[in-house]
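Student: Give the three-dimensional model of this entry:
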Amino acid sequence: MKTKLIVLITVVFICTAFTIPNHYPIDGYASTGIKRLKRLQLSVAGDLPDAGLPLGAFKSINDITLHLLLRKQDRTKSILVEDAGLQKKINALFPRLDKSYSVTILDITCADSLRYAQQNETRGYQPGSVGKLAVVTALFVQLEKIYPDSWDKRIELLKNKSLKAGNWALTDEHTVPVFNIETNKLIKRQVVASDVFTLYEWIDHMLSVSNNGAANVVWREALLMAAFKDKYPLLTQEETDTYFKETPKKELTDLGNDVVNLPLRDLGITADEWRLGSFFTKGANQYVGDKGGSIGSPLGVMKWMLQLEQGKIVDENSSLEIKRLMYMTDRRIRYAQAPQLREAAVYFKSGSLYKCDRSKGEECGKYKGNVSNYMNSVAIIEHPDGTKYMVCLMTNVLRKNSASDHMYLAGNIDKAIKEK
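Tutor: The predicted structure follows:
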């Protein structure tokens, strides 16, 4: 019986392999111009080596949808109310005495009967790269202000405007994929100041491989959009350089802070629930300063995810495009790596930040901080059987790489959601 099952799965996979040349993220290349996706297209076609995508990564761009549009008028507060049955299961996974773990979970399988559970949901954590979701939100807010009546023009700007990295993108150990569509050669390397990518590609570098320098560039462009408004599409490099040279640093700091935080306030997310106070690398600090500190909570991020599915992050088109960009993660790590999620579509962002004090004589290293050791996972899960839910998991477990914990909890949360 087991042999027959393996054969059946193999046959299904082989058949699928011959019928997915136009599937997402592959079919995203035509609309975005993101060269990384062109490589995946060639990989699936058999012209390049297998990219090793999980089964859940082959959704078509046209199959990605928002699931709570019919509940767009419902207020966040009326939806995020604990469901007794689900809460009991989550309580068993997260003992209330342990304050190192915080989580919010919303089951959206049935839009007319949502189920919500939470633990330590208002506790604040250093959001790390989860903050990049606030940055992409800021950018789409500014795009709408430039082209309020044309979605096509917003997309055209994202696809066609090329931008130089400059010192803003320095320095980050995360590499970015650079694919030459003429030679079909891929290299992965750190961003350098002379790099030029389209705005769409900078967003992809920010979200798919979590490059911090790319996040600075996207945030910088949102700031420039707010400053130059409808003049931004034709803004030159020389005008940009002059603006940052002549504008007082405090003015730039205040504008940069407002650009990324005010959209969260407009969504009903308070400053204590989620805010960004600094850019992601020191390369930006010669232009803008830090202000207000950064913090994130599972409740604040859940409010954002809920309104994403409601189509309320700017508008339905913007919400859907942000969700698509979250689907294009270069590889699944931490929470998203759970075996139980292999066949599921996963819209994911992870973030971490650790700090060591080696004078204590304790074990301390990468992702094993002994002063702080934040690891955060944000995920929307969609199973082939129709099960759909959203999770924000934030932890601060000292002296331990929590990636395995996140993966283990992902499997158990998935089980709790599916159990009737």
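Student: Isn't residue 229 up against residue 143?
Tutor: No: counting by Cβ atoms under 8 Å, residue 229 stays clear of residue 143, with 11.5 Å between them. (Each C-beta comes from the backbone N, C-alpha and C, glycine too.)
Student: Which of these two has more residues huddled nearby?
Tutor: Remark: of residue 229 and residue 143, residue 143 carries more neighbours, 24 against 11, as counted by other Cβ atoms under 10 Å.
Student: Remind me which helix or strand residue 215 belongs to.
Tutor: helix 212-228 (DSSP states H and E).
Student: tell me the mean pLDDT for the helix or strand that that helix is followed by?
Tutor: Going down the chain from helix 212-228, the next helix or strand is helix 237-246, by DSSP H and E. Throughout helix 237-246, pLDDT has a mean value of 97.
Student: So which other helices or strands are in contact with helix 237-246?
Tutor: If you count contacts as 3 or more Cβ pairs under 8 Å, 6 or more residues apart in numbering; DSSP states H and E, helix 237-246 packs onto helix 212-228.
Student: ok now the helix it packs on, how far from the chain's centre?
Tutor: Put simply, helix 212-228 sits 16 Å off its chain's centre (Cα atoms, centre = their mean, to the nearest Å).
Student: What separation is there between the residue lying closest to residue 33 once chain neighbours are set aside and residue 204?
Tutor: Closest residue to residue 33 apart from its sequence neighbours, by Cβ to Cβ, 6 or more residues apart in numbering: residue 159 at 4.7 Å. In this view, residue 159 and residue 204 are 12 Å apart by Cβ to Cβ, to the nearest Å.
Student: of the two, who's got more company?
Tutor: residue 204 (27 against 15).
Student: Next, count neighbours for residue 215.
Tutor: Counted with other Cβ under 10 Å, residues neighbouring residue 215 total 30.
Student: so what sits against both of residue 159 and residue 204?
Tutor: Residues touching both residue 159 and residue 204 (Cβ atoms under 8 Å, 6 or more residues apart in numbering): residue 32.
Student: separation between residue 377 and residue 120?
Tutor: Counting by Cβ to Cβ - residue 377 and residue 120 are separated by 15 Å.
Student: between these two, which one's more packed in?
Tutor: Per other Cβ under 10 Å, whichever of residue 377 and residue 120 has more neighbours is residue 377, with 27 against 19.
Student: quick one: residue 348 is in a helix?
Tutor: No: assessed with DSSP: H, G, I helix; E, B strand; the rest coil, residue 348 is strand; it does not lie in a helix.
Student: so it bridges to which residues?
Tutor: With DSSP bridges applied, residue 348 shows beta-bridge pairing to residue 379.
Student: Wait, it touches residue 328, no?
Tutor: No: the criterion here is Cβ under 8 Å, and residue 348 misses it with residue 328 at 9.8 Å.
Student: still on that earlier bit, and the helix holding residue 215, what does it pack onto?
Tutor: helix 132-146, helix 199-208, helix 237-246, helix 249-266.
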